[in-house]
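Student: requesting a structural model of the entry that follows:
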Amino acid sequence: MDGNEQVMDWITSELEVESCITQDYPRFQAGKRVIDRSGDYLIVYFHPFLEKVVYTFKGIEDFYFIAKKLC
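Tutor: The predicted model follows:
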């Protein structure tokens with residue numbers, strides 16, 4: 001599975017995508033910005049050095065969290 005597939009797999013398994021808007025976010029590899037109804041967002045992308053999906057939130061883009069499936 002490539003980075004794009006991993007990012008979309010995490011987004012669809014962990015978020016309610018039908019209530020959000022998903023946009024490409026080319027600043028990061030395989031980046032997606034997921035915007036909720038209030039306008040807040042998170043950015044999900046594939047980190048090339050860690051080789052993992054990571055995410056960050058609006059206002060703290062310099063920090064990231066490693067995304068793991070809950071189950």
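Student: from now on I want contacts and neighbour counts done on CA atoms only, so please keep to that.
Tutor: Fine.
Student: mind checking how far the residue most central in space within the chain is from Glu14?
Tutor: Among the residues of the chain, the one closest to the centroid is Val44, at 1.5 Å (CA atoms, centre = their mean). Look at Val44 and Glu14: by CA to CA, to the nearest Å, they are 11 Å apart.
Student: so in that sheet, which strands flank the helix or strand where Val53 lies, and in what orientation?
Tutor: Using DSSP states H and E, Val53 sits within strand 52-57. Strand 52-57 sits in its sheet next to strand 41-47 (antiparallel), strand 65-66 (antiparallel), going by DSSP bridges.
Student: any idea which of those is most buried?
Tutor: Across those, averaging neighbours per residue (mean count of other CA atoms under 10 Å) puts strand 41-47 on top, at a mean of 23.
Student: pull up the gap between Phe65 and Val54, please.
Tutor: Taking CA to CA as the measure, Phe65 and Val54 are separated by 5 Å.
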